[in-house]
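>>> Kindly generate the corresponding structure for this input.
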Amino acid sequence: MTSQHPPAAVPDPTASVPARSATGEIWAHERYVENLRSHPARTLAIDQVIVHVDGNTAIVSARASRQPGSFSRYVDTYERRGDGWRCVHACVWPLKPSE
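A predicted model of the protein is given here:
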């Protein structure tokens, strides 16, 4: 285990696994990025962050909120490439208010 943590990132467009929407629908990288750009968050709170690093792979899980009382969970997979980390898979889904 290492103390280096991968930075937050947009999924890598060269990754073989495309992004998925909260409905389970698979989105191409371009659609995912366009959705982020067309729905900017004024604020973004992140908590419950857990990072697991094993060699050149890291898994990051956290809870995020764009507005009070509304939460989502994400799990991102990173790969160490060259001198940095690249997100190669991202998954986000909404949480019920009690979660």
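>>> How about the contacts made by S70?
By CB atoms under 8 Å, 6 or more residues apart in numbering, the contact list for S70 reads P94. C-beta coordinates here come from the backbone N, C-alpha and C atoms, glycine included.
>>> how close does it sit to G82?
37 Å (CB to CB, to the nearest Å).
>>> go on, I46?
26 Å.
>>> now R66
For R66, the distance to G82 - CB to CB - is 32 Å.
>>> Same drill for these two, tell me which one is more crowded.
In terms of neighbours (other CB atoms under 10 Å), R66 is the more surrounded of R66 and G82; the figures are 14 against 6.
>>> can I assume the more buried one is in contact with L44?
Yes - using CB atoms under 8 Å, R66 is in contact with L44, at 6.0 Å.
>>> export the helix or strand where F71 lies as PDB, just CAs?
Assigned by DSSP states H and E, F71 belongs to strand 70-81. Taking C-alpha atoms only, strand 70-81 is exported to PDB below (Å, rounded to 0.1, in the frame of the first residue of the first chain):
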ATOM      1  CA  SER A  70     -29.300  14.800  -2.500                       C
ATOM      2  CA  PHE A  71     -26.500  12.300  -2.700                       C
ATOM      3  CA  SER A  72     -24.800  10.000  -5.200                       C
ATOM      4  CA  ARG A  73     -22.100   7.400  -4.800                       C
ATOM      5  CA  TYR A  74     -19.200   6.900  -7.200                       C
ATOM      6  CA  VAL A  75     -16.600   4.300  -7.700                       C
ATOM      7  CA  ASP A  76     -13.700   5.200 -10.000                       C
ATOM      8  CA  THR A  77     -10.800   2.900 -11.200                       C
ATOM      9  CA  TYR A  78      -7.400   4.500 -11.900                       C
ATOM     10  CA  GLU A  79      -4.300   3.100 -13.500                       C
ATOM     11  CA  ARG A  80      -0.800   4.600 -13.000                       C
ATOM     12  CA  ARG A  81       0.500   5.500 -16.400                       C
END
